[in-house]
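1. Fold the stuff below for me.
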Amino acid sequence: LAVHIQTSRALMVISLLLGFFGIIVSVVGMKCTKVGEEDPVTKSRIAVAGGVLFILSGLCTLAAVSLYATQVTYEFFRESTIPINARYEFGSALFVGWGAASLSMLGGSLLCCSCPAKERRGQQYHRQSQPSAAREYV
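-> Reported below is the predicted structural model:
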């Protein structure tokens, strides 16, 4: 097979592996799970690591799909003896790939935003009960 197809395959396999490990790390880093540390700061750092893996997965997908689209565009506009109706064109798989890469990077960015700020680290927020005052009706 051509080099660009082999490169796209390799990038997609890397993207799938990064996404798989991103799912596992993100589930461990969620606040609602009992897996791993009980410290919320550590949990949020684990979730950020999962977000970084999702962003890297999205970038690999974006690179693979864009590389293939560039090659298709180059082949389409190149002077050749192949008639225009027999040349490759963009298919729906390319658009699905671009959409998947965008959503993966968006999800990874949202996970990366879950890290607490430096001034809030270590503080536990507890719900304070409202004082119940007797109301007087006039």
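2. and the lowest-mean-pLDDT helix or strand in the chain, which residues are buried?
-> Sorting the helices and strands of the chain by mean pLDDT, DSSP states H and E puts helix 40-77 at the bottom, at a mean of 91. Using 16 or more other C-beta atoms under 10 Å as the test for burial, helix 40-77 gives 43-69, 71-72. Glycine gets a C-beta too; all of them are placed from N, C-alpha and C.
3. Now the most centrally placed residue in the chain: which helix or strand?
-> In the chain, the centroid-proximal residue (C-alpha atoms, centre = their mean) is S104; its distance is 2.7 Å. Assigned by DSSP states H and E, S104 belongs to helix 92-112.
4. can you list the residues that contact that helix?
-> For helix 92-112, contacts defined as C-beta atoms under 8 Å, 6 or more residues apart in numbering pick out 19, 22, 26, 29, 47-48, 50-59, 61-62, 64-66, 68-69, 72.
5. what do you get if the cut-off is 10 Å, keeping everything else the same?
-> Helix 92-112 is contacted by residues 8, 12, 15, 18-19, 22, 25-26, 29-30, 44, 46-66, 68-69, 72, 91 when judged by C-beta atoms under 10 Å, 6 or more residues apart in numbering.
6. residues touching the closest residue to L53 other than its chain neighbours, list them.
-> Leaving aside its sequence neighbours, L53 sits nearest to G22 (C-beta to C-beta, 6 or more residues apart in numbering; 3.4 Å). Residues near G22 by C-beta under 10 Å, 6+ apart: 49-58, 104, 107-108, 111.
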